[in-house]
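Student: got a structure for you, letters missing:
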């Protein structure tokens, strides 16, 4: 009785909801690039206005970095804290986009309708599924069935430097029974999923310096240390031939999933061939004795996200550079301590430096893995609601990504978090030509309406 | 009688000669960058005009690339072909320059007066030493003592694509008794040198492709192939722990210097500590069983001149790139065939590709090493002339760089070449803050006047 008219309203309002999402996607809120600071703030203001339009007491909370959007609504029912982020990844390599990343448009594709643009899936489209569910519910019933606090972050793609201080400073204002986070995906593009675990993330940047200046390879080649070679040799040692990370102690504290979890994962029937095939690959590249699903959900990684040294322009330059550098990220699993591993990584690099070389390190964030409180009744209720909407039993799934907010909610606010999202593997998040399926958006909104009904 | 007034004239004219060099250095003739095509042509025209001003019948010869400057002068005496290049290296990283690379200026330094600017040493300043010697000789005696052909190239820093066709098309016009090339340095900054051997140069670029697009390291990290890692592992294998290049057959055709040559080199008293110390290094990084002088003059190298893949901007991006790439150069010694080694390198890379990866290669030039005809009488005459000017016996020295023109002169024109130059190791050629010592310029002009006298 309460739900059906809300779902009908959502269906009717879909074109307007897509227009609103399009307006938000037009704002290039790239949080890592200072040139876009004003755009990040503009996106925050857009959200404050949009929340206010559905009766939320919303305001922009400025920080030393990008602002938080904060809002409250509702007088009765359970207390829910909803989190999403409105900042987006950089767009480079821009030349690989088929269209302007910030001129969003609806496109028909062989796989259905999509909305294209940077942030469509990560995370503006997802964030708006919850907002649109609240909008429809409010329109139909005049009020929401829960006491909801909104928290939208503008620094998720740049390491969230303001988040912890903000949470510490707003413990009372953010108090709730449970947190809801919409920044994850469907399981294999077709099964709704509640995320039960998230990997942590340690980001490191290392710069190797050899000579005091760039050298001519004719004058010095063969006699002077080349930091490109030094860096390549260190990076080549990151993993052994069986794919295991070689940093001493790296696996010491890894908690293996229990037998029940492994059995449940096996029951999901994950199609590793399709997963890799979708991006042009056929052979798993991880630890030789682990399945791709285990590799992504239950195993830590070491990946070189960027490396550079010397001349990369057109033509050729016979230079021995003075420096070479790399950005390396480690995805972490439950049990691993990011700060302990940072120290181990740096020691491991220093231990491989040849004479005359130094290494400098920069810190790009450190957050531990999270395990969710799946025994709470909200998880069963939401699972049933999702199953109803999608016509297939929702999965309790792992996730390879890192959403440190879940850990912060637990550690700082004492809140358990439930992560539900509707992104697909082919959404190209963080890549050129990002998109979000209109079906993800539409059924996502309907899913949140059902979850609201189930939790209240 | 003929020489002394020429030397006096050179001394008197030094300020004007520096003004002329400054004017040439102001032209940003970067041959690898199409944005500077017009500047390269402008530099050629400047040289045509300057040669004409001293009575040379000079003209610009356009090619499919950058022009050659060609000129002839003199009616009697030996036939000399003088070669230099008027194009310069790119200036990046521009932020490391203390001043505008193309706003040249004379500066006083603790080591003496220098002229600063891109190309000051490589090769505009060197090229002008010979032109100024001819100018002074002509001013004093009304005519030159030799029949001289000038050939100035505008593509030396971009692989000389037009050079071989040009030489083939102008065999008669370029005929001479011997070629003189000014693009090399002093020995250890203090001893004049005639170069007896040059290393060859093979330039390669390899691009490794794995997935069909950039991937999110949270979604795919630990399961998908990362081309940064693939490239790092290949590059790390270029040399073994003893510094030897591991490409099969790489050393097969290396001709070792004979005992006389090694004994002569030992007699030069090369100071390896000072050589490395000048650029902040202390330990040779080449083959463990070779001295730095052997490493530079007599051993082939494999150096990574550039490598890149993934995100290199500010902040962090958790991307697994689709591609990673490197530019690699090999300095070659007498006996080695560049094309055979190119094939061996590419086979060696392909043999290391893991599943799902491809390698594409680009060709950045291939030229063999050269050995000079030091037994010709011109070498002894020039050596004596240089020794007189510098007050120390001129060295018969090797050189680590690659000046393929010497090989082309021999192969195409049948000409032996004699390389004499006045650059110093600290001239920062190919690097930010390039300079040429005013003493190199001044004594270089005087040296050519003495050589002209000695050869005629």
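Tutor: Yep, it's here. Remember, it's a predicted structure, so these values are computed and weren't measured experimentally. Numbers count the residues shown, from 1 in each chain, chains lettered A, B, ... in the order given.

Student: What about the residue nearest to residue A:2 when sequence neighbours are not counted, how many residues nearby?
Tutor: Distances taken as Cβ to Cβ, 6 or more residues apart in numbering or on different chains place residue A:453 nearest to residue A:2, at 6.3 Å, with adjacent residues excluded. Every C-beta, even on glycine, is put in place using the N, C-alpha and C of the backbone. Using other Cβ atoms under 10 Å in any protein chain shown, residue A:453 has 19 neighbouring residues.

Student: In whichever helix or strand residue A:453 is part of, which residues are buried?
Tutor: Using DSSP states H and E, the element containing residue A:453 is helix A:438-455. Residues A:438, A:440-455 are the ones in helix A:438-455 that count as buried (16 or more other Cβ atoms under 10 Å in any protein chain shown).

Student: pLDDT weak spots in chain A?
Tutor: Applying pLDDT under 70 to chain A picks out residues A:1.

Student: which helix in it runs the most residues?
Tutor: Assignment by DSSP state H gives helix A:3-25 as the longest helix of chain A.

Student: So which other helices or strands are in contact with that one?
Tutor: Where contact means 3 or more Cβ pairs under 8 Å, 6 or more residues apart in numbering or on different chains; DSSP states H and E, helix A:3-25 is packed against helix A:37-53, strand A:105-109, strand A:112-116, helix A:124-141, helix A:438-455.

Student: and residue B:433, which of the ones you listed is closest to it?
Tutor: Smallest distance to residue B:433 across the helices and strands packed on helix A:3-25 (Cβ to Cβ): 34.1 Å, for helix A:37-53.

Student: and for the closest one, what are the contacting residues?
Tutor: Residues outside helix A:37-53 that contact it (Cβ atoms under 8 Å, 6 or more residues apart in numbering or on different chains) are A:20, A:23-24, A:27-31, A:58-60, A:66-69, A:71, A:73, A:86-87, A:131, A:150, A:152, A:154.

Student: List the contacts of the most far-flung residue of chain A relative to its centre.
Tutor: Distance from the centre of chain A peaks at residue A:219, with 47.1 Å (Cα atoms, centre = their mean). By Cβ under 8 Å, 6+ apart, the contact list for residue A:219 reads B:185, B:296, B:400, B:401, B:425, B:429.

Student: Next, the residue of the stretch 1-150 of chain A found nearest chain B: secondary structure please.
Tutor: Relative to chain B, the nearest point of the stretch 1-150 of chain A is residue A:32 (3.7 Å; Cβ to the nearest Cβ). Following DSSP: H, G, I helix; E, B strand; the rest coil, the label given to residue A:32 is coil.

Student: In this structure it contacts residue A:158, no?
Tutor: Yes: counting by Cβ atoms under 8 Å, residue A:158 is a contact partner of residue A:32 at 4.3 Å.

Student: What's the local residue count around the closest residue to chain B within the stretch 51-200 of chain A?
Tutor: Going by Cβ to the nearest Cβ, chain B is nearest to residue A:158 of the stretch 51-200 of chain A, at 5.5 Å. For residue A:158, the count of nearby residues is 24 (other Cβ under 10 Å).

Student: swap in residue A:271?
Tutor: 13.

Student: my guess is it meets residue A:188, correct?
Tutor: Yes: between residue A:271 and residue A:188 a contact is recorded at 6.6 Å, counting by Cβ under 8 Å.

Student: quick one on the thing from earlier: dump the helices and strands packed on helix A:3-25 into TSV; add distance to residue B:94 as well.
Tutor: Conversion of the helices and strands packed on helix A:3-25 to TSV gives the following (distance: least, Cβ to Cβ, whole Å):
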stretch	distance to residue B:94
helix A:37-53	26
strand A:105-109	38
strand A:112-116	36
helix A:124-141	37
helix A:438-455	45
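
Student: What's the end-to-end length of stretch A:175-186?
Tutor: Taking Cα to Cα, to the nearest Å, the first and last residues of stretch A:175-186 lie 28 Å apart.

Student: give the contact list for the closest residue to chain B within the stretch 251-400 of chain A.
Tutor: The stretch 251-400 of chain A approaches chain B most closely through residue A:280 (3.2 Å), counting by Cβ to the nearest Cβ. Under the criterion of Cβ under 8 Å, 6+ apart, the neighbours of residue A:280 are B:210, B:211, B:212, B:213, B:356.

Student: now with 6 Å?
Tutor: B:211, B:212 (Cβ atoms under 6 Å, 6 or more residues apart in numbering or on different chains).

Student: how about the helices in chain A?
Tutor: A:3-25, A:37-53, A:124-141, A:163-169, A:217-220, A:227-236, A:259-267, A:272-277, A:292-297, A:338-350, A:377-390, A:404-408, A:438-455.

Student: and the last one with helix A:3-25, angle?
Tutor: It stands for helix A:438-455. 130 degrees (axes from the mean of the first three to the mean of the last three Cα atoms, to 10 degrees).

Student: what's helix A:438-455 packed up against?
Tutor: On a contact count with 3 or more Cβ pairs under 6 Å, 6 or more residues apart in numbering or on different chains; DSSP states H and E, helix A:438-455 meets helix A:3-25, helix A:124-141, helix A:377-390.

Student: Please state the offset of the second one from the chain centre?
Tutor: Just to be clear, that refers to helix A:124-141. Taking the mean of its C-alpha atoms, helix A:124-141 sits 21 Å from the chain's own mean (Cα atoms, centre = their mean, to the nearest Å).

Student: in it, what's buried?
Tutor: A:124-140.

Student: Ramachandran angles for residue A:74?
Tutor: Main-chain dihedrals, residue A:74, degrees, to the nearest 10: phi 100, psi 150.

Student: measure it to residue A:48 for me?
Tutor: 18 Å (Cβ to Cβ, to the nearest Å).

Student: ditto for residue A:330
Tutor: 36 Å.

Student: Settle it for me: which of these two has more neighbours?
Tutor: Set residue A:330 next to residue A:48 and count neighbours by other Cβ under 10 Å: residue A:330 wins out with 27 against 21.

Student: for the closest residue to the more buried one other than its chain neighbours, which residues make a bridge with it?
Tutor: Nearest residue to residue A:330 in three dimensions, chain neighbours excluded: residue A:202, at 4.2 Å (Cβ to Cβ, 6+ apart). Judged by DSSP bridges, the bridge partners of residue A:202 are residue A:330, residue A:366.

Student: Distance check, residue A:202 against chain B.
Tutor: 11 Å (Cβ to the nearest Cβ, to the nearest Å).

Student: How about the contacts made by that residue?
Tutor: By Cβ under 6 Å, 6+ apart, the neighbours of residue A:202 are A:330, A:338, A:341, A:342, A:366.

Student: what does residue A:3 give?
Tutor: Applying Cβ under 6 Å, 6+ apart, the residues near residue A:3 are residue A:453.

Student: go with 7 Å
Tutor: A:449, A:450, A:453 (Cβ atoms under 7 Å, 6 or more residues apart in numbering or on different chains).

Student: pretty sure residue A:107 contacts residue A:114?
Tutor: Yes: counting by Cβ atoms under 7 Å, residue A:107 touches residue A:114, with 5.6 Å between them.

Student: who has more neighbours, those two?
Tutor: Taking neighbours as other Cβ under 10 Å, residue A:107 and residue A:114 compare with residue A:114 leading, 25 against 14.

Student: Skipping adjacent residues, who's closest to that one in space?
Tutor: In space, residue A:114 is closest to residue A:435, 4.2 Å off (Cβ to Cβ, 6+ apart).

Student: Name all residues that make contact with the one you found.
Tutor: A:114, A:115, A:116, A:120, A:121, A:427, A:428.

Student: and it, how far is that from chain B?
Tutor: Counting by Cβ to the nearest Cβ, the gap from residue A:435 to chain B is 13 Å.

Student: Now the stretch 351-456 of chain A against chain B: closest residue?
Tutor: Closest point on the stretch 351-456 of chain A to chain B, by Cβ to the nearest Cβ, is residue A:401, at 2.9 Å.

Student: And for that residue, nearest residue in space, chain neighbours not counted?
Tutor: Closest to residue A:401 by Cβ to Cβ, 6+ apart is residue B:218, at 2.9 Å.
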